[in-house]
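S.K.: Got a sequence here, can you build the structure:
(one chain, ligands or ions: 1)
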Amino acid sequence: MAVASFYFYAELNDFLPRHQKQVRISHFFGERASIKDMIEALGIPHPEVYSIEVNGEYVNFSYIVQDGDTINVYPISARSFDKPSISVLPKPLSVIRFVLDIHLGKLATSLRLLGFDTLYRNDYEDEELANISYSQTRIILTRDRGLLMRSLVTHGYYVRNTDPQQQILEVLQRFDLFKVVSPFQRCLRCNGLLEPVDKQAITEQVPETVRSQIDEFNRCQDCGQIYWKGSHYERLQRFIDGVIESRRVE
Ligand SMILES: [Zn+2]
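M.R.: Reported below is the predicted structural model:
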């Protein structure tokens, strides 16, 4: 039996069982394996890894682990550590777009509300999610680490929080999106872009009581849903203000 010693930094410990958190792990192995496979066998999905150091040298995912190796694995937040490193991450995306797994419907609505291009359906299969992420270079957000371990997935993130309000904060923080929030640009129902629409053109679709009080309307270019700033709007606006405020007081 060969053995390699692993240490996982910071939030990578979220994926380890209690007895393996924040300690050096001796991992015994019989077969030749890449470091990527070995890290995932220990429970950490590869898109969460920023860099890997073996015996003091940075390696990529295809490195074959040797008997006696001492391995340090750093998370995405390592970018802000004050140390030079060679990352295993793919090039950062120039446009941030998401595809969400079926359990994150409320998070999908919040992301759309804040203007982010977010695909979501409550019947996506794992394979389909991985394919969409790959072919459209979208970041997968999920609470299913098996999905993130699929080889097709290069950009993905395991959402730690279960509360939807906390989830939106977590995602804005992780991808540094507070500065690019742009509310009321997208349809909450289908992710389509909204455009202003003339009040006269939508008399059939909006109740008289609304038309008598509201003058500005937007329409989804894809599904035709009409949006206006009613009581619903105020609730959403408060939510958005709350999100931005919570960032400011940190
Ligand atoms: Zn729509």
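S.K.: doesn't Cys190 fall inside a helix?
M.R.: No - secondary structure of Cys190 (DSSP: H, G, I helix; E, B strand; the rest coil): coil, not part of a helix.
S.K.: who's in contact with it?
M.R.: Cys220, Asp222, Cys223, Gln225 (C-beta atoms under 8 Å, 6 or more residues apart in numbering). For every residue, glycine as well, the C-beta is placed using N, CA and C.
S.K.: does the closest residue to Gln237 other than its chain neighbours count as helix, strand or coil?
M.R.: Nearest in space to Gln237, with sequence neighbours left out and distances taken as C-beta to C-beta, 6 or more residues apart in numbering, is Pro183 at 7.7 Å. Counting by three-state DSSP, the backbone at Pro183 sits in coil.
S.K.: Leu113 is in contact with Pro183, correct?
M.R.: Yes - contact criterion C-beta atoms under 8 Å: Pro183 and Leu113 qualify, at 6.2 Å.
S.K.: From the neighbour counts alone, determine which of the two ranks first.
M.R.: Per other C-beta atoms under 10 Å, whichever of Pro183 and Leu113 has more neighbours is Leu113, with 21 against 17.
S.K.: dump the residue contacts of Gly68.
M.R.: Neighbouring residues of Gly68 by C-beta under 8 Å, 6+ apart: Ala2, Val3, Ala4.
S.K.: Can I get the buried ones among those as something I can paste into PyMOL?
M.R.: With 16 or more other C-beta atoms under 10 Å as the criterion, this PyMOL line picks the buried residues out of the contacts of Gly68:
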select buried, resi 4
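S.K.: and of the contacts of Gly68, the nearest to Leu188?
M.R.: Ala4 (47.9 Å; C-beta to C-beta).
S.K.: Put together a markdown table for the contacts of Gly68, with secondary structure on each row.
M.R.: Below are those laid out as a markdown table (three-state DSSP):
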| residue | secondary structure |
| --- | --- |
| Ala2 | strand |
| Val3 | strand |
| Ala4 | strand |
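S.K.: Just name the closest of the contacts of Gly68 to the ion, please.
M.R.: The closest of the contacts of Gly68 to the ion turns out to be Ala4 (C-beta to the ion; 50.7 Å).
S.K.: I figured that closest one hits Ile64, correct?
M.R.: No - applying C-beta under 8 Å, one finds Ala4 not in contact with Ile64, separated by 10.8 Å.
S.K.: before we move on, what SS does the residue lying closest to Tyr227 once chain neighbours are set aside have?
M.R.: Excluding the flanking residues, the one nearest Tyr227 by C-beta to C-beta, 6+ apart is Asn218, at 4.6 Å. Secondary structure, three-state DSSP: Asn218 is strand.
S.K.: So which residues of the protein form helices?
M.R.: Under the criterion DSSP state H, helices of the chain are mapped to 35-41, 105-113, 126-135, 145-148, 164-174, 208-211, 231-248.
S.K.: where does the chain have low pLDDT?
M.R.: Along the chain, segments meeting pLDDT under 70 span 78-84, 249-250.
S.K.: Let me see the contact set for the spatially most central residue of it.
M.R.: Residue closest to the average C-alpha location in the chain (C-alpha atoms, centre = their mean): Leu141, at 3.8 Å. Listed by C-beta under 8 Å, 6+ apart, the contact set of Leu141 reads Phe98, Val99, Leu100, Asp101, Leu104, Leu107, Gly156, Tyr157, Val159, Val171.
S.K.: ok, what's across the strand from the second one?
M.R.: If I follow you right, that is Val99. Leu119, Ile140 (DSSP bridges).
S.K.: Not counting its neighbours along the chain, what's nearest the residue nearest to the centre of the chain?
M.R.: Leaving aside its sequence neighbours, Leu141 sits nearest to Leu100 (C-beta to C-beta, 6+ apart; 4.9 Å).
S.K.: ok, the one you found to Arg138 distance?
M.R.: Counting by C-beta to C-beta, to the nearest Å, the separation of Leu100 from Arg138 is 9 Å.
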